[in-house]
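> the amino acid sequence is not available; the structure is as follows:
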């Protein structure tokens with residue numbers, strides 16, 4: 001019987017340099033898609049999947065991120081007095097109970113594997129989810145919930161995967177597939193950003209459920225390797241040691257909000273998905289495209 005997944009790690013220590021100058025004063029994770037910060041999308045997805053304990057791996061300059069989840073008593077009081085109950089409900093949805101969030105510092109930028117390793121003392125001998133806030137996924141049910149359901153059948157370690165053009169595999173970790181069972185695949189290897197001859201076009205994106213033994217593998221990498229510590233390597237060690245590693249072809253659309261183009265694409269998609277915005281926004285986009293075509 002597989003252990004229930006109740007903890008999630010959010011590696012949020014990055015500087016967000018691709019979004020300068022905006023990220024000079026605010027963490028990238030609280031930049032907004034429509035009217036919600038990136039981190040709120042990640043938290044909501046985790047909650048839907050049954051996560052109750054949230055571990056943030058942070059760095060200097062992330063105080064605004066920590067404050068975001070605090071109770072804003074004056075604002076709540078003002079909304080209550082004004083009778084703005086809908087806004088009050090939205091605001092309360094951003095609050096986190098005392099003790100639900102833990103913060104761990106990553107003092108050196110040594111890679112995703114190192115960020116996950118930094119949270120090791122908070123995990124115990126149980127599986128843990130990892131959510132990368134740059135990857136925003138529009139899915140129903142949410143991606144991590146799909147993974148948790150699949151994990152109940154497979155156990156082991158699970159990664160979210162999607163098919164990408166072969167020429168783009170060099171930007172991802174890529175699965176070498178041992179068995180393709182449709183939505184779920186069993187991996188016999190993982191290659192981080194293959195320069196040539198990728199083993200498949202099935203790319204790993206920013207959602208993971210890690211077996212406790214992955215932390216043991218990260219411990220070895222931490223002790224024995226210089227430079228960046230790749231989570232992919234620790235997961236590949238699971239395969240080498242005969243433990244199951246699976247990929248889930250999730251149902252939904254992923255947006256790379258670590259890039260400006262991906263952030264803009266996500267803004268359009270989530271804007272069009274909102275009932276109160278879609279008609280006016282769609283009309284505006286249609287007018288913009290018509291003017292561009294006319295100019296050509």
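Sure, I can see it. What you see is a predicted model; the values in this text were computed from it and never measured.
> drop to CA atoms for contacts and neighbour counts, all remaining ones
OK.
> ok, which stretches of the stretch 101-250 of the chain are strands?
101-105, 128-131, 135-138, 157-163, 173-180, 184-192, 202-210, 245-249 (DSSP state E, counting those that start in this stretch).
> pretty sure residue 191 contacts residue 175?
Yes. Look at residue 191 against residue 175 with C-alpha atoms under 8 Å: they come within range, at 6.6 Å.
> and for the two, which residues touch both?
Contact criterion C-alpha atoms under 8 Å, 6 or more residues apart in numbering; residues shared by residue 191 and residue 175: residue 199.
> which stretches of the stretch 1-150 of the chain have low pLDDT?
Within the stretch 1-150 of the chain, the segments meeting pLDDT under 70 span 1-2, 98.
> would you map the helices across it?
Using DSSP state H, counting those that start in this stretch, the helices of the stretch 1-150 of the chain run over 38-48, 63-68, 73-81, 85-92, 112-117, 143-154.
> which one of those lies nearest to residue 248?
Between residue 248 and the helices of the stretch 1-150 of the chain, the shortest gap by C-alpha to C-alpha is with helix 143-154, which sits at 6.7 Å.
> which residues touch the closest one?
1-2, 5, 45-46, 48-50, 137, 157-160, 184, 207, 209, 244, 246, 248, 250-252.
> can you turn the buried part of those into a ChimeraX selection?
Entered in ChimeraX, the line below selects the buried ones among these, by 16 or more other C-alpha atoms under 10 Å:
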select :5,45,46,49,50,137,157,158,159,160,184,207,209,244,246,248,250,251
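> for the strands of the stretch 101-250 of the chain, give me a markdown table that also has distance to residue 268.
Output for these, formatted as a markdown table (distance: least, C-alpha to C-alpha, whole Å):
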| stretch | distance to residue 268 |
| --- | --- |
| strand 101-105 | 31 |
| strand 128-131 | 22 |
| strand 135-138 | 12 |
| strand 157-163 | 21 |
| strand 173-180 | 27 |
| strand 184-192 | 30 |
| strand 202-210 | 21 |
| strand 245-249 | 24 |
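> if you compare the ones you listed, which one is most tucked away?
Of all the strands of the stretch 101-250 of the chain, strand 245-249 carries the top mean neighbour count, a mean of 25, counting by mean count of other C-alpha atoms under 10 Å.
> how many residues are close by residue 63?
Using other C-alpha atoms under 10 Å, residue 63 has 12 other residues around it.
> meant to ask about residue 295, not that
Neighbours of residue 295 using other C-alpha under 10 Å come to 7.
> phi, psi for it please.
phi -70, psi -20 (degrees, to the nearest 10).
> how far away is it from residue 288?
With distances taken as C-alpha to C-alpha, to the nearest Å, residue 295 is found 11 Å from residue 288.
> over to residue 254?
For residue 254, the distance to residue 288 - C-alpha to C-alpha - is 25 Å.
> compare neighbour counts for those two and give me the winner.
Neighbour comparison, residue 254 and residue 288: the larger count goes to residue 254, with 19 against 12 (by other C-alpha under 10 Å).
> for the more buried one, give the beta-bridge partners.
residue 137 (DSSP bridges).
> tell me if I'm right that residue 13 and residue 63 touch.
No. Using C-alpha under 8 Å, residue 13 is not in contact with residue 63; the gap is 11.4 Å.
> ok, which of the helices of the stretch 1-150 of the chain comes nearest residue 273?
helix 38-48 (14.2 Å).
> show me what that closest one is packed up against.
Applying 3 or more C-alpha pairs under 8 Å, 6 or more residues apart in numbering; DSSP states H and E, one finds that helix 38-48 contacts strand 135-138, helix 143-154.
> can you give me the buried ones in that helix?
38, 39, 40, 41, 42, 43, 45, 46, 47.
> rewinding a little: pick the most deeply packed of the helices of the stretch 1-150 of the chain.
Most buried among the helices of the stretch 1-150 of the chain, counting by mean count of other C-alpha under 10 Å: helix 112-117, with a mean of 23.
> what's next to that one, contact-wise?
9, 11, 57, 106, 109, 130, 215, 218-219, 222, 228-232, 234.
> try 7 Å
The contact list for helix 112-117 (C-alpha atoms under 7 Å, 6 or more residues apart in numbering) reads 9, 11, 57, 106, 215, 218, 229, 230, 231.
> go on, stretch 10-30?
With C-alpha under 7 Å, 6+ apart as the test, stretch 10-30 has contacts from 37-39, 55-59, 62, 64-65, 106, 115, 130-133.
> repeat for stretch 156-170
So stretch 156-170 is contacted by 151, 193-195, 198, 201-211, 243-250 (C-alpha under 7 Å, 6+ apart).
> with stretch 187-206 instead?
In contact with stretch 187-206 (C-alpha under 7 Å, 6+ apart) are residues 131-132, 135, 159-166, 169-179, 232, 236, 239, 245-246.
> thanks a lot, see you next time.
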